[in-house]
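# heads up, no residue letters with this:
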């Protein structure tokens with residue numbers, strides 16, 4: 001044997017044998033061990049099937065091939081190169097997922113470095129996807145502009161309705177159509193008017209850059225009772241390249257993506273749609289005025305703080321101020337000093353004899369002297385006025401009154417000079433008998449009777465002399481009434497009044513206003529009570545019954561409206577039958593819009609009745625306001 005060789009001790013049938021370890025292979029065939037080493041060549045025959053190496057090292061052995069039999073006594077492996085028992089391998093194998101596939105019952109956890117690779121293109125909703133696939137979907141998930149409304153049911157795209165989700169539509173509105181019975185019709189459309197065909201929006205009609213993909217998102221619905229504030233996304237996958245939907249072929253499914261949050265106001269907070277406002281009680285707090293952002297400012301209301309709001313001891317000395325009348329007393333200046341207001345002392349405040357000479361300042365004006373602490377005295381001119389006699393009485397000086405001192409009406413008989421007579425005046429007599437007299441024209445005015453009284457001459461007043469509005473009650477003779485007028489009363493109560501025929505015209509209301517009669521008293525031929533504002537038609541017996549747009553022969557009859565009170569069965573009541581009448585008692589009308597006989601007997605509508613054989617389109621006038629109609633009946637057409 002070579003110097004580097006080692007001896008392998010082998011027990012065969014209980015007999016220890018030594019083999020040259022330079023052998024490149026030991027073949028365990030269950031019948032013997034064959035040593036094919038280079039140092040010798042011989043065969044050891046073995047009867048048993050188990051070989052006990054007795055924990056000896058097999059160094060420098062090129063390999064061991066086991067054709068049959070087993071190796072026993074192996075310890076639990078700890079290094080990666082250790083041999084292991086079948087039990088250990090079977091246990092470890094049960095913890096692994098085979099390459100051919102199996103179901104896992106637990107989670108598969110990766111570290112932050114390793115990834116799953118080699119995934120195929122997904123086909124099922126639960127399939128895992130690659131990053132490339134997810135990136136492609138995100139590119140397709142384009143966000144659309146908001147839409148005005150979203151549908152809540154199937155609509156006629158060829159003849160659009162006037163309202164969608166309770167919103168009155170306007171041409172140009174964008175509409176999310178999502179509930180069509182034929183789902184390939186779903187999409188975003190442009191509203192072109194009531195009764196007109198809707199067209200697909202160019203932003204989503206499969207032209208370049210507007211493909212209909214899975215993931216297209218409508219982020220916000222602006223209005224509507226059901227869908228306002230919601231978001232919707234296309235959840236279906238089309239049959240075209242990359243999942244594009246083919247218009248008219250593929251079902252286009254829209255799924256709600258988000259729902260607006262719902263909030264409830266707490267104490268003192270009020271939600272009005274999307275607006276959050278304070279909710280003051282209106283007694284102690286109020287919201288008024290405007291701030292920079294347009295909202296009202298919350299404030300304590302004027303007189304809002306009463307005894308109930310004041311805490312015990314809240315009013316301290318620092319909180320108190322003087323209460324003045326603002327007329328005799330006031331607060332002004334630094335520290336708001338209490339003071340007598342300027343001009344605040346009047347005669348009511350002065351006590352008797354309170355003003356002495358010492359209290360007088362320089363108060364004297366024309367005709368007075370003194371003041372400034374001295375007695376006030378008269379300062380007369382000595383020409384027209386003087387003081388004389390006991391007590392120095394003030395008197396008019398003899399001949400002190402000239403024309404300048406004469407007051408109006410002070411000149412009596414004998415005091416007038418002839419030169420004072422002007423137009424319409426004459427002076428008669430002379431000396432002490434001189435008099436001023438009127439100088440009437442003798443046509444409109446005259447002097448006659450005792451005392452030569454100036455008077456209007458008989459027949460002297462014509463239309464020229466009468467002022468506007470001068471002819472009042474009692475001034476009119478019966479002969480003044482012409483066609484359409486009558487004179488009532490007599491003497492001082494004589495009046496001119498209109499004389500209506502009582503059929504087309506009448507006097508009624510405050511001030512007995514002359515007004516047209518638009519109604520006739522007709523009998524209710526209906527089985528029940530008819531009410532104010534209901535439409536009726538005139539029957540061949542002269543009575544009325546409720547009218548609907550399917551009433552037989554309505555196009556050949558006359559319409560009317562119950563005017564001012566409910567009418568019981570077989571009882572007569574006022575029915576508006578003449579055009580031009582203004583009929584009230586309604587609500588919610590659109591001013592200026594046509595009003596039609598409704599489908600329900602007695603009802604009205606502002607929507608043109610839809611086509612139906614035997615249905616009559618009959619206008620009863622136009623809405624003057626939200627509550628009134630100008631009655632103007634007109635048969636338009638009857639559907640056949």
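Cool, the structure landed. These numbers come from a predicted model, not from an experiment. Numbers count the residues shown, from 1 in each chain.

# skipping its backbone neighbours, what lies nearest residue 258 in space?
residue 231 (4.0 Å; Cβ to Cβ, 6 or more residues apart in numbering). To be clear about C-beta, it is placed using only N, CA and C from the backbone, and glycine gets the same treatment.

# and the gap between the one you found and residue 383?
Distance, residue 231 to residue 383, by Cβ to Cβ, to the nearest Å: 104 Å.

# the longest strand seen in the chain: partners in the sheet, and parallel or antiparallel?
What stands out as the longest strand in the chain, according to DSSP state E, is strand 629-638. Its sheet considered, strand 629-638 pairs with strand 582-583 (antiparallel), strand 616-623 (antiparallel) by DSSP bridges.

# ok, the closest residue to residue 613 other than its chain neighbours to residue 582 distance?
Once flanking residues are discounted, residue 613 sits nearest to residue 639: 5.7 Å by Cβ to Cβ, 6+ apart. In this structure, residue 639 and residue 582 are 30 Å apart, going by Cβ to Cβ.

# list of residues touching stretch 228-248?
Residues from elsewhere that reach stretch 228-248, judged by Cβ atoms under 8 Å, 6 or more residues apart in numbering: 136, 140-141, 150, 165, 176, 178, 184-185, 187, 200, 205-206, 211-222, 249-260.

# what subset of those residues is buried?
Among the contacts of stretch 228-248, those that count as buried by neighbour count (16 or more other Cβ atoms under 10 Å) are 140, 150, 165, 176, 178, 185, 187, 200, 206, 211-216, 218, 220-221, 250, 252, 254.

# which of these fall in strands?
Checked against DSSP E, the buried ones among the contacts of stretch 228-248 include these in strands: 150, 176, 187, 200, 218, 254.

# the fourth one reaches residue 189, doesn't it?
Yes. Proximity of residue 200 to residue 189 meets the contact threshold set by Cβ atoms under 8 Å, at 5.8 Å.

# and residue 74, what does it touch?
Contacts for residue 74 (Cβ under 8 Å, 6+ apart) come out as 83-85.

# which one of the residues you listed is nearest residue 124?
Nearest to residue 124 among these: residue 84, at 39.2 Å, using Cβ to Cβ.

# pLDDT value on the closest one, please?
You'll see residue 84 listed with a pLDDT of 84.

# can you give me the pLDDT of the closest residue to it other than its chain neighbours?
With Cβ to Cβ, 6+ apart as the criterion, residue 84 has its nearest non-adjacent residue at 4.5 Å, and that residue is residue 77. With respect to pLDDT, residue 77 scores 86.

# domain map for the protein?
With domains defined by automatic domain parsing, the chain comprises 7-75+83-91, 128-286, 518-638.

# of all the ones you listed, which lies closest to residue 413?
Using Cβ to Cβ, those put domain 518-638 closest to residue 413, at 69.7 Å.

# go ahead and name everything in contact with the longest strand of the chain.
518, 554-555, 558-559, 561, 576, 578-584, 586, 589, 595, 604, 614-624.

# tell me which residues in that strand are buried?
Buried-residue list, strand 629-638, by 16+ other Cβ under 10 Å: 629-631, 633, 638.

# and the two most separated of those?
Maximum distance among the buried residues of strand 629-638 (Cβ to Cβ): 23.7 Å, for 630 and 638.

# where in the stretch 401-550 of the chain is pLDDT low?
409, 418, 449-452, 478, 501-519 (pLDDT under 70).

# hang on, the earlier thing: determine which stretch of the strands paired with strand 629-638 is the most buried.
Across the strands paired with strand 629-638, averaging neighbours per residue (mean count of other Cβ atoms under 10 Å) puts strand 616-623 on top, at a mean of 21.

# contacting residues around that one?
Residues outside strand 616-623 that contact it (Cβ under 8 Å, 6+ apart): 535, 547, 549-551, 554-555, 559, 561, 579, 586, 589-597, 604, 606, 608-609, 629-639.

# want to throw the buried residues of strand 629-638 into TSV with pLDDT?
Putting those into TSV (pLDDT from 0 to 100) gives the following:
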residue	pLDDT
629	92
630	91
631	87
633	88
638	80
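
# closest to residue 113 out of the residues you listed?
Checking the buried residues of strand 629-638 against residue 113 with Cβ to Cβ, the nearest one is residue 629 at 80.9 Å.

# residue 147 - how many residues pack around it?
Residue 147 has 23 neighbours, counted by other Cβ atoms under 10 Å.

# kindly report the same for residue 475.
Neighbour count of residue 475, defined by other Cβ under 10 Å: 13.

# what are the ranges of the strands in the stretch 351-500 of the chain?
Using DSSP state E, counting those that start in this stretch, the strands of the stretch 351-500 of the chain run over 368-371, 374-378, 385-388, 393-396, 425-428, 435-438, 445-448, 453-456, 485-488, 495-498.

# adding mean neighbour count and distance to residue 311, write these out as TSV.
Shown next, in TSV, are the strands of the stretch 351-500 of the chain (neighbours: other Cβ atoms under 10 Å; distance: least, Cβ to Cβ, whole Å):
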stretch	mean neighbour count	distance to residue 311
strand 368-371	14	58
strand 374-378	12	60
strand 385-388	14	73
strand 393-396	11	70
strand 425-428	13	84
strand 435-438	15	84
strand 445-448	15	84
strand 453-456	12	81
strand 485-488	13	72
strand 495-498	15	70
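
# and those as TSV, adding distance to residue 101?
Formatted as TSV, the strands of the stretch 351-500 of the chain follow (distance: least, Cβ to Cβ, whole Å):
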stretch	distance to residue 101
strand 368-371	127
strand 374-378	130
strand 385-388	139
strand 393-396	139
strand 425-428	138
strand 435-438	137
strand 445-448	134
strand 453-456	131
strand 485-488	112
strand 495-498	106
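
# nearest to residue 308, of those strands?
Across those, residue 308 has its closest neighbour in strand 368-371 (58.1 Å, Cβ to Cβ).

# who does the closest one touch, helix- and strand-wise?
strand 374-378 (3 or more Cβ pairs under 8 Å, 6 or more residues apart in numbering; DSSP states H and E).

# tell me the strands beside the strand it packs on, with direction?
With DSSP bridges as the test, strand 374-378 pairs up with strand 368-371 (antiparallel).

# off-centre distance for the strand it pairs with?
Distance, stretch centre to chain centre, for strand 368-371: 75 Å (Cα atoms, centre = their mean, to the nearest Å).

# so who does residue 445 touch?
Contacts for residue 445 (Cβ under 8 Å, 6+ apart) come out as 438, 454-457, 460.

# now the two most distant members of these.
Taking Cβ to Cβ as the measure, the contacts of residue 445 span a maximum distance of 14.2 Å, between 438 and 460.

# what sits against residue 385?
378, 394-397, 400.

# ok, so of those residues, who is nearest residue 523?
Nearest to residue 523 out of those is residue 396 (Cβ to Cβ; 91.0 Å).

# just checking, the closest one touches residue 383?
No. Under the criterion of Cβ under 8 Å, residue 396 makes no contact with residue 383, lying 10.4 Å away.
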